[in-house]
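Student: Structure for the following, please:
(one chain, ligands or ions: 2)
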Amino acid sequence: MTMQTKVIKITDPAESATDLKEAARILREGGLVVFPTETVYGLGGNGLSQSSAEKIYAAKGRPSNNPLIIHVHDPAEADKYAHAGDLYDRLAAAFMPGPLTVILPKRECIPYATTGGLDTVAVRCPDHPIAQALLKECGDFPVAAPSANLSGKPSPTVAEHVITDLSGRVDMIIDGGESDIGLESTIVSIDHDHEGEYLTLLRPGAITADALTCVCERVVIASAVLEQLKEGERPLSPGMMYKHYAPSTPLVLLDGTPEDVLAFLQKEQADRSCAILCYFEEMPHLKHENLFPVGGKDDLATQAHTLFSLLREADKAGASIMYAHLPPLDGLGLALYNRMIRAAAHTILQVP
Ligand code: AMP
Ligand code: MG
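Tutor: Ligands and ions are numbered 1, 2, ... in the order given. Modelled structure (predicted):
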């Protein structure tokens with residue numbers, strides 16, 4: 001699969017109307033366009049077209065039973081493609097446009113190729129000026145888009161990651177600079193039991209469980225968010241099944257007091273070549289070789305913003321092992337924890 005990939009840089013969508021029209025035309029005619037969003041870059045195709053979905057899976061090297069998220073410019077558009085209801089409307093009013101994806105029963109116009117064979121479809125309305133302008137230009141169809149990385153690589157947060165992974169595999173890449181958030185959207189499904197309606201958190205992201213509680217009192221965290229799936233277990237969200245963000249250098253997450261972890265890292269640096277995703281505060285106390293500062297110890301937003309880039313970089317350092325701190329489980333920490341335990345294949349070392 002090799003095609004000519006056009007890379008265009010956009011800073012102000014108003015000044016790039018012609019390029020955005022061309023991108024929308026490519027999508028309408030069944031081609032693939034990578035576009036920036038506030039979470040990570042998306043690999044877009046026409047969400048109403050079976051062949052576009054098949055092309056997305058092929059370009060990513062992704063199993064075709066791992067469903068795609070459809071993107072709309074206005075949360076109200078969801079009703080054209082899915083059966084939205086009152087709770088969706090309340091979520092939309094609180095968090096859209098923004099980094100939230102909601103799973104809804106699909107309408108017939110959405111092909112099973114887009115939903116990986118499911119009767120539900122994931123809907124998101126991104127809050128990024130370029131994504132918004134592109135989706136408005138598309139108008140009469142939603143854009144199906146998974147993250148624009150090769151399957152198994154960290155999600156791309158700058159166009160260079162996309163160019164590395166997908167050059168020659170897509171028609172166009174829109175370079176819109178760095179993704180603001182750096183982690184994929186929060187995914188929830190709307191569920192019911194004898195006590196009434198509740199939300200299941202399928203993938204944590206920048207919209208935290210606490211924030212969701214303001215709209216729906218009951219938020220249940222799916223077990224696959226925190227734990228490894230058991231042999232033969234089927235996750236509620238198919239993406240949780242796959243090995244994700246796996247660096248080729250083994251990644252180990254360190255759990256312990258800040259003093260114990262620092263002492264451990266100092267000893268490891270003396271003993272062998274390791275790449276360390278450290279906090280800013282630790283830099284003066286460690287040798288500078290192969291240090292990858294993720295942000296301040298309590299600055300989870302910066303850690304989220306830098307994580308995927310640093311995983312790619314640290315993996316190139318040629319070290320025999322990679323270390324990072326085990327994130328906390330609350331707030332945005334849950335999203336970091338979820339991505340990092342998967343990158344580390346659930347390897348957590350208690351220090352000392
Ligand atoms: P990505 O586009 O790479 O962020 O991945 C999208 C993820 O959304 C998939 O891997 C699934 O886990 C999840 N997803 C999409 N559609 C559905 C759905 N209908 N039901 C449950 N999870 C979904
Ligand atoms: Mg992905």
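Student: And the helices in the chain, which stretches?
Tutor: 17-28, 50-60, 78-81, 86-95, 129-138, 159-166, 209-213, 223-226, 258-271, 300-315, 333-343 (DSSP state H).
Student: Mean pLDDT and mean neighbour count for these - can I get that in a markdown table?
Tutor: Using the backbone N, CA and C atoms, a C-beta is placed for each residue, glycine as well. A markdown table is the format used below for the helices of the chain (pLDDT from 0 to 100; neighbours: other C-beta atoms under 10 Å):
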| stretch | mean pLDDT | mean neighbour count |
| --- | --- | --- |
| helix 17-28 | 98 | 18 |
| helix 50-60 | 97 | 20 |
| helix 78-81 | 98 | 19 |
| helix 86-95 | 98 | 17 |
| helix 129-138 | 98 | 22 |
| helix 159-166 | 97 | 20 |
| helix 209-213 | 98 | 16 |
| helix 223-226 | 90 | 18 |
| helix 258-271 | 96 | 14 |
| helix 300-315 | 97 | 21 |
| helix 333-343 | 95 | 22 |
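Student: Reformat these as CSV; add distance to ligand 1.
Tutor: As requested, these are exported to CSV (distance: least, C-beta to the nearest ligand atom, whole Å):
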stretch, distance to ligand 1
helix 17-28, 16
helix 50-60, 8
helix 78-81, 12
helix 86-95, 14
helix 129-138, 14
helix 159-166, 13
helix 209-213, 16
helix 223-226, 9
helix 258-271, 30
helix 300-315, 12
helix 333-343, 11
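Student: Just tell me which of those helices ends up closest to A246.
Tutor: helix 333-343 (6.3 Å; C-beta to C-beta).
Student: Report the angle between the closest one and helix 300-315.
Tutor: Helix 333-343 and helix 300-315 are oriented at 10 degrees to each other (axes from the mean of the first three to the mean of the last three C-alpha atoms, to 10 degrees).
Student: circling back: in CSV, list the helices of the chain along with distance to I70.
Tutor: Below are the helices of the chain laid out as CSV (distance: least, C-beta to C-beta, whole Å):
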stretch, distance to I70
helix 17-28, 12
helix 50-60, 10
helix 78-81, 6
helix 86-95, 14
helix 129-138, 10
helix 159-166, 20
helix 209-213, 21
helix 223-226, 22
helix 258-271, 42
helix 300-315, 23
helix 333-343, 22
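Student: how near is the closest residue to D210 other than its chain neighbours to T257?
Tutor: The shortest distance from D210 to any non-neighbouring residue, by C-beta to C-beta, 6 or more residues apart in numbering, is to G331 (6.8 Å). For G331, the distance to T257 (C-beta to C-beta, to the nearest Å) stands at 20 Å.
Student: Give me the more crowded residue out of the two.
Tutor: Legend: neighbour count by other C-beta atoms under 10 Å for G331 and T257, higher for G331 (17 against 10).
Student: who's in contact with the more buried one?
Tutor: 208, 210, 300 (C-beta atoms under 8 Å, 6 or more residues apart in numbering).
Student: And for S151?
Tutor: 60-63, 242.
Student: run the last query once more with 7 Å
Tutor: Neighbouring residues of S151 by C-beta atoms under 7 Å, 6 or more residues apart in numbering: 60-62.
Student: Next up, phi/psi of it, please.
Tutor: Taking degrees, to the nearest 10, you get phi -50, psi 130 for the backbone angles of S151.
Student: What distance do you get for it to ligand 1?
Tutor: Separation of S151 from ligand 1 (C-beta to the nearest ligand atom, to the nearest Å) stands at 9 Å.
Student: so what pLDDT did that residue get?
Tutor: On pLDDT, S151 comes in at 89.
Student: ok, now how distant is it from D175?
Tutor: 22 Å.
Student: residues in contact with the nearest residue to A94 once chain neighbours are set aside?
Tutor: Spatial nearest neighbour of A94, chain neighbours left out: V215 (5.0 Å); criterion: C-beta to C-beta, 6+ apart. Going by C-beta under 7 Å, 6+ apart, V215 touches 90-91, 94.
Student: Among those residues, which one sits closest to S248?
Tutor: L91 (38.2 Å).
Student: Would you confirm that the closest one contacts V102?
Tutor: Yes. Using C-beta atoms under 7 Å, L91 is in contact with V102, at 5.9 Å.
Student: if I pick the nearest residue to T186 once chain neighbours are set aside, what's in contact with it?
Tutor: Closest residue to T186 apart from its sequence neighbours, by C-beta to C-beta, 6+ apart: G205 at 3.4 Å. Residues counted as contacts of G205 (C-beta under 7 Å, 6+ apart) are 39, 99, 183-186, 335.
Student: can you give me phi and psi for G205?
Tutor: Here is the backbone geometry of G205 (degrees, to the nearest 10): phi -160, psi -160.
Student: May I have the predicted confidence score for it?
Tutor: pLDDT recorded at G205 is 98.
Student: same thing with M1?
Tutor: Looking at M1, its pLDDT stands at 66.
Student: And for P63?
Tutor: Confidence for P63, expressed as pLDDT, is 80.
Student: Relative to E178, how far out is it?
Tutor: For P63 relative to E178 (C-beta to C-beta), the value is 29 Å.
Student: Tabulate the contacts of G331 in a markdown table, adding columns for distance to P352.
Tutor: Listed next are the contacts of G331 as a markdown table, based on distance: C-beta to C-beta, whole Å:
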| residue | distance to P352 |
| --- | --- |
| T208 | 32 |
| D210 | 33 |
| L300 | 25 |
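Student: which one of these is nearest L291?
Tutor: Among the contacts of G331, and counting by C-beta to C-beta, the member closest to L291 is L300, at 19.4 Å.
Student: I appreciate the help and will end here.
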